[in-house]
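# 3D, please:
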Amino acid sequence: MPNLTIITIHLDDPDGLHKTFESLGPTLRSESVEWIVVDGGSDRQSAAVLKAVESLADVFISEPDEGIYDAMNKGTRLAA
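This next block holds a predicted model:
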């Protein structure tokens with residue numbers, strides 16, 4: 001079980017998501033860290049970044065939501 005869960009919520013900001021991923025860098029390699037990415041159903045502009053993040057995140061979901069709080073609550077429910 002991880003000691004730390006990082007929840008990233010995202011919608012149509014591929015540059016911001018890429019910067020978030022880069023800032024986490026070595027942290028994500030630790031077995032004690034879990035990374036959950038909740039995407040609110042971004043458009044195709046974000047597709048390349050989302051595909052890369054999906055393969056690196058411990059949990060990745062992409063679906064429409066009711067806004068920022070709904071997305072964060074989804075991430076919280078998914079945390080180990």
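# Correct me if wrong: A80 contacts L4.
No: with contact defined as CB atoms under 8 Å, A80 does not count as touching L4 (10.4 Å). Heads up, the C-betas are built off the backbone N, CA and C, glycines and all.
# which outside residues touch the least confident helix or strand in the chain by mean pLDDT?
When the helices and strands of the chain are scored by mean pLDDT, DSSP states H and E, helix 47-56 comes last with a mean of 84. Taking contacts as CB atoms under 8 Å, 6 or more residues apart in numbering, the residues outside helix 47-56 that touch it are H10, P14, L17, H18, F21, L28, W35, V37, D39, S42, F60, S62.
# tell me the mean pLDDT for the helix or strand that that helix is followed by?
Sequence order places strand 59-62 as the next helix or strand after helix 47-56, per DSSP states H and E. On average, the pLDDT along strand 59-62 is 92.
# Report the contact partners of the residue nearest in space to the middle of the chain.
A centroid search over the chain (CA atoms, centre = their mean) returns V37, at 1.7 Å, as the residue closest to the centre. If you count contacts by CB under 8 Å, 6+ apart, V37 has them with T8, I9, H10, L17, V53, E54, A57, V59, F60, I61.
# quick one: I9 is in a strand?
Yes: counting by DSSP: H, G, I helix; E, B strand; the rest coil, I9 falls inside a strand.
# how near is it to M1?
Separation of I9 from M1 (CB to CB, to the nearest Å): 22 Å.
# The residue of the chain most remote from its centre: what's it in contact with?
Going by CA atoms, centre = their mean, the residue of the chain most distant from its centre is M1, 18.3 Å out. Under the criterion of CB under 8 Å, 6+ apart, the neighbours of M1 are A80.
# Tell me the spacing between it and P14.
M1 sits at a distance of 31 Å from P14 (criterion: CB to CB).
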